[in-house]
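S.K.: quick one, what's the 3D model for this:
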Amino acid sequence: MKSPFVRTNRRILIIDDTPSIHHDFRKILDPDAEGEQDLAGTEEALFGILPPDRLTFELDSAYQGQEALELVKRASAEGRPYALAFTDMRMPPGWDGLETIEQLWKADPHLQIALCTAYSDYSWEAMAERLEFGDQLLVLKKPFDSLEIRQMASALTWKWQMAQDAANKVLSLEQTIEARVHELLKVSHLLQYDVLTELPNSTLLGDRLNQSLALSRRHDRQLAVMFLGLDRFKRINNALGHPAGDEMLKRVGQSLVASVRESDSVFRYGSDEFVVILADVRHPQQTKGIAEKLLSAIRTPQHIAGHDLSVTASLGISIYPEDGLDAIVLIKKAETAMRNVKENGPNDFSFFIDEMNQRAREQQSIESGIRLALERNEFVLHYQPKIDLSSGQVVGAEALIRWKNPGKAGFILRISSPWPKTAA
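M.R.: Numbers count the residues shown, from 1 in each chain. Alright, predicted model coming up:
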């Protein structure tokens, strides 16, 4: 894609204490255009010859260094800086050429300068001590001819424009890269942090837990993983709506963060579930105390949507290295302990024990078996009469479901709500 044409800055400042020098520069760089235009118009009318394009320079004059400095400052402030300055070496009674250049570069570091000197004013060494001879300064030896002046004006103004264009392209590229980096960081943050609570999410949990485990192994220390699930949290969503539920989740997250040390980490694991990593656990009693503190913080009533709301939580704990050596095992066992608490009575905590795994596997086996039994029609509905012993009359009946499976003989389950619908 072609870049749009940018008009070259041909603005030049002439600095000399002699008015005739200014007149000479203007004759060279801005010859009488009126006569040329008349001649060009006559040629075009008579012979159809189009006038050639010619460089035009915008010239300003300053007769002392101080005056030049004010013009350079004003031009920069107006957004129309000079591209080039021709300056004489000696301009009594004010600054000489070297001091003028020093002051001009303080006001505009990008200004190209041609220093007009006879070399007898200062030695090369003396000038080098005061000025840094970079690519912005050329020395023009007196006497000079018009071709030198015109070539230098054309080349240095073009060089100024190219330097500005390059700087603008670099700046634009840096801004593009910075914007892209910010976008990537934002995407990375969204992938690793929960939007609602601003806590790290389950994606970041594995990485952080593995880092903590590596430190624990290196320093031979214990580590605790706590898995928290809010009890009957859906009641808040159903009664007051999801905005109230979201606000409660935010408050719970803030309470958990405020209740642990800076070295510990809190994560939002699921819709109403959180995970806490406790680093450097020295004694199980320490973990017990923190668990009680967390449950107490969660129970604290919160004023939300005009109501004083309170929730409780069930909390399961697994310990490294007793309960496992890797992140997935520790999280799974802490979750198993939490589920066990929910079944036996919420608003409490429990350490993981091996029997919980056995119980969880049995429960999973029963649930899977029931689903298959429904598909295979292995359940048979029976009605058992209820008799009033005083009168001997049948006063009702209760439904019994028998499972036609030799491996489940004598197996009794509590009938939950879907079963009566199936029986009916």
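
S.K.: rest of the way, CA atoms for contacts and neighbours
M.R.: Will do.

S.K.: any low-confidence regions in the stretch 251-400 of the chain?
M.R.: Residue ranges of the stretch 251-400 of the chain with pLDDT under 70: 355-365.

S.K.: all helices of it, in order?
M.R.: Counting by DSSP state H, counting those that start in this stretch, the stretch 251-400 of the chain forms helices over residues 284-299, 327-344, 354-376, given from the N-terminal end onward.

S.K.: can you say which of those helices is nearest to Leu131?
M.R.: Leu131 sits nearest to helix 327-344 of all those, at 64.8 Å, using C-alpha to C-alpha.

S.K.: helices and strands around the closest one, which ones?
M.R.: Using 3 or more C-alpha pairs under 8 Å, 6 or more residues apart in numbering; DSSP states H and E as the contact definition, the elements that helix 327-344 packs against are helix 202-219, strand 222-230, strand 313-320, strand 349-351, helix 354-376.

S.K.: rerun that using 6 Å as the cut-off
M.R.: strand 313-320 (3 or more C-alpha pairs under 6 Å, 6 or more residues apart in numbering; DSSP states H and E).

S.K.: give me the beta-bridge partners of Ile401?
M.R.: Legend: beta-bridge partners of Ile401 under DSSP bridges are Leu381.

S.K.: per-residue pLDDT, it?
M.R.: Ile401 carries a pLDDT value of 81.

S.K.: Leu381 is in contact with that one, correct?
M.R.: Yes. Applying C-alpha atoms under 6 Å as the test, Ile401 and Leu381 come out as touching, 4.7 Å apart.

S.K.: so, low pLDDT: which residues of the stretch 51-200 of the chain?
M.R.: In the stretch 51-200 of the chain (pLDDT under 70), the answer is 51-54, 119-121, 133.

S.K.: and if we set it to 90?
M.R.: 51-56, 90, 92, 94, 116-146, 148, 184-191 (pLDDT under 90).

S.K.: which parts of it are helices?
M.R.: Secondary structure of the stretch 51-200 of the chain (DSSP H, counting those that start in this stretch): helices at 65-77, 97-107, 124-130, 146-192.

S.K.: now render those helices as JSON lines, adding mean neighbour count and distance to Ala114.
M.R.: Formatted as JSON lines, the helices of the stretch 51-200 of the chain follow (neighbours: other C-alpha atoms under 10 Å; distance: least, C-alpha to C-alpha, whole Å):
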{"stretch": "helix 65-77", "mean neighbour count": "17", "distance to Ala114": "14"}
{"stretch": "helix 97-107", "mean neighbour count": "18", "distance to Ala114": "10"}
{"stretch": "helix 124-130", "mean neighbour count": "11", "distance to Ala114": "14"}
{"stretch": "helix 146-192", "mean neighbour count": "14", "distance to Ala114": "8"}
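
S.K.: now render the ones you listed as TSV, adding distance to Asp308.
M.R.: Formatted as TSV, the helices of the stretch 51-200 of the chain follow (distance: least, C-alpha to C-alpha, whole Å):
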stretch	distance to Asp308
helix 65-77	61
helix 97-107	65
helix 124-130	76
helix 146-192	31
